[in-house]
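Undergrad: can't give you the sequence, but here's the structure:
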């Protein structure tokens, strides 16, 4: 049976009919597989949620203990039978606990990637190529303009600025889940040994990462210190806090932001970012093309992002491609 006969696009999202389960549904459903903890993929209120233990912990942290009626943890590499369908989770390389979903049904293998990245990330397991017949891929940065530089080069910009402006507060905007912890880990790898100072919105998730063995060194909530004392320090906050009232008490601020969107100068200017760092937890154009070839799938289904560009590129490579026109999935900005 062709996958198009047992995978449906419904208002709630991508639905596997024989398994009676949705993947990352955008509306409340009875049973959901959640690929990772970002709010555009992990919604509260589902009757039953199957995910990695890390993703379940993140959902608990963000939504409270009652985010679902039943939790079904599944380790990466482990399988479970849902009806006549075998479901296995594999690393996606996006954030802590992020997973791809492999459905095996009547001799056909279909992989739903969720959000994924191919660059090394010290805060989560690396992406694993899973051969399949159909690959359902994201396309967040699926335009040739998006070619992410090595993260070490972007971190070096910050390290150089710390040397040139030793009395300035470097305020780094980073998403609370995944990006903030990755940036902190990479700054440590570059030799930075001073404490980080965190906006309150980052504290709970940084504590959770620590509980799962992700060590980013010493950090201190900004609320525990006098803001005026933070000249020369690195402070992390959600992107939305870069220019709001919270940041005004910091001394000699240099606004920085870590995001794949910083490759677009207009985005940096709009945010009033002085030090843009092109750091993304999504696959860029080259990695998307490399991945759709590496999985050796006959068909490429594109869930969200720049669908038209990736569909054209896949077709040029001799692959059958189609957009699924799913809505509600954007790179999470908090």
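TA: Cool, the structure landed. Note that the coordinates shown come from a computational prediction; the quantities given were computed from them, not determined experimentally. Residues are numbered from 1 along each chain as shown.

Undergrad: how does the protein divide into domains?
TA: By the assignment in automatic domain parsing, the chain contains the domains 3-145+282-323, 151-277.

Undergrad: The first one: end-to-end distance?
TA: With C-alpha to C-alpha, to the nearest Å as the measure, the first residue of domain 3-145+282-323 is 15 Å from its last.

Undergrad: just the helices in the stretch 151-300 of the chain please.
TA: All helices of the stretch 151-300 of the chain, identified by DSSP state H, counting those that start in this stretch, fall at 151-164, 179-189, 200-211, 265-270, 285-294.

Undergrad: angle of the third one against helix 179-189?
TA: For helix 200-211 and helix 179-189, the angle between their directions (axes from the mean of the first three to the mean of the last three C-alpha atoms, to 10 degrees) works out to 70 degrees.

Undergrad: tell me the SS of the residue nearest to the spatial centre of the chain?
TA: By C-alpha atoms, centre = their mean, the chain has its centre lying nearest to residue 94, at 4.4 Å. Using DSSP: H, G, I helix; E, B strand; the rest coil, the structure places residue 94 in coil.

Undergrad: what separates the nearest residue to it once chain neighbours are set aside from residue 98, distance-wise?
TA: Nearest-residue entry for residue 94: residue 115, 4.6 Å, with adjacent residues in sequence omitted and distances by C-beta to C-beta, 6 or more residues apart in numbering. From N, CA and C alone the C-beta is placed, and that goes for glycine too. For residue 115, the distance to residue 98 equals 7 Å [C-beta to C-beta, to the nearest Å].

Undergrad: From residue 52, how far out is the residue nearest to residue 94?
TA: Separation of residue 115 from residue 52 (C-beta to C-beta): 14 Å.

Undergrad: who has more neighbours, the two?
TA: A direct count of neighbours by other C-beta atoms under 10 Å for residue 115 and residue 52 places residue 115 higher, at 29 against 25.

Undergrad: so who does the more buried one touch?
TA: 35-36, 38, 41, 92, 94, 98, 138, 140, 281-282, 329 (C-beta atoms under 8 Å, 6 or more residues apart in numbering).

Undergrad: now do residue 277
TA: Residues in contact with residue 277 (C-beta under 8 Å, 6+ apart) are 154-155, 157-158, 172, 183, 256-259, 262.

Undergrad: Check residue 192 too.
TA: 159, 162, 234 are the contacts of residue 192 under C-beta under 8 Å, 6+ apart.

Undergrad: among the residues you listed, who's most crowded?
TA: Sorting these by how many neighbours each has (other C-beta under 10 Å) puts residue 234 first, at 23 neighbours.

Undergrad: which residues does that residue bridge with?
TA: Per DSSP bridges, the residues bridged to residue 234 are residue 170, residue 196.

Undergrad: Then residue 8?
TA: Residue 8 has these beta-bridge partners by DSSP bridges: residue 15.

Undergrad: what bits of this protein have low per-residue confidence?
TA: Applying pLDDT under 70 to the chain picks out residues 327-334.

Undergrad: try 50 this time
TA: Residue ranges of the chain with pLDDT under 50: 333-334.

Undergrad: how far away is residue 8 from residue 98?
TA: Residue 8 is 24 Å from residue 98, where distance means C-beta to C-beta.

Undergrad: so who does the nearest residue to residue 185 once chain neighbours are set aside touch?
TA: Nearest non-adjacent residue to residue 185, counting by C-beta to C-beta, 6+ apart: residue 122, 4.5 Å away. By C-beta under 8 Å, 6+ apart, residue 122 lies in contact with 182, 185-186, 189, 214.

Undergrad: Surely residue 6 and residue 16 touch.
TA: Yes. Counting by C-beta atoms under 8 Å, residue 6 does reach residue 16; the two are 6.7 Å apart.

Undergrad: before we move on, the earlier item: single out the most deeply packed of the domains of the chain.
TA: Mean neighbours per residue, mean count of other C-beta atoms under 10 Å, is largest over the domains of the chain for domain 3-145+282-323, with a mean of 20.

Undergrad: Please compute how far that one lies from its chain's middle.
TA: In terms of C-alpha atoms, centre = their mean, to the nearest Å, the centre of domain 3-145+282-323 is found 12 Å from the chain centre.

Undergrad: Over to stretch 151-165?
TA: Computed by C-alpha atoms, centre = their mean, the chain-centroid distance of stretch 151-165 equals 23 Å.
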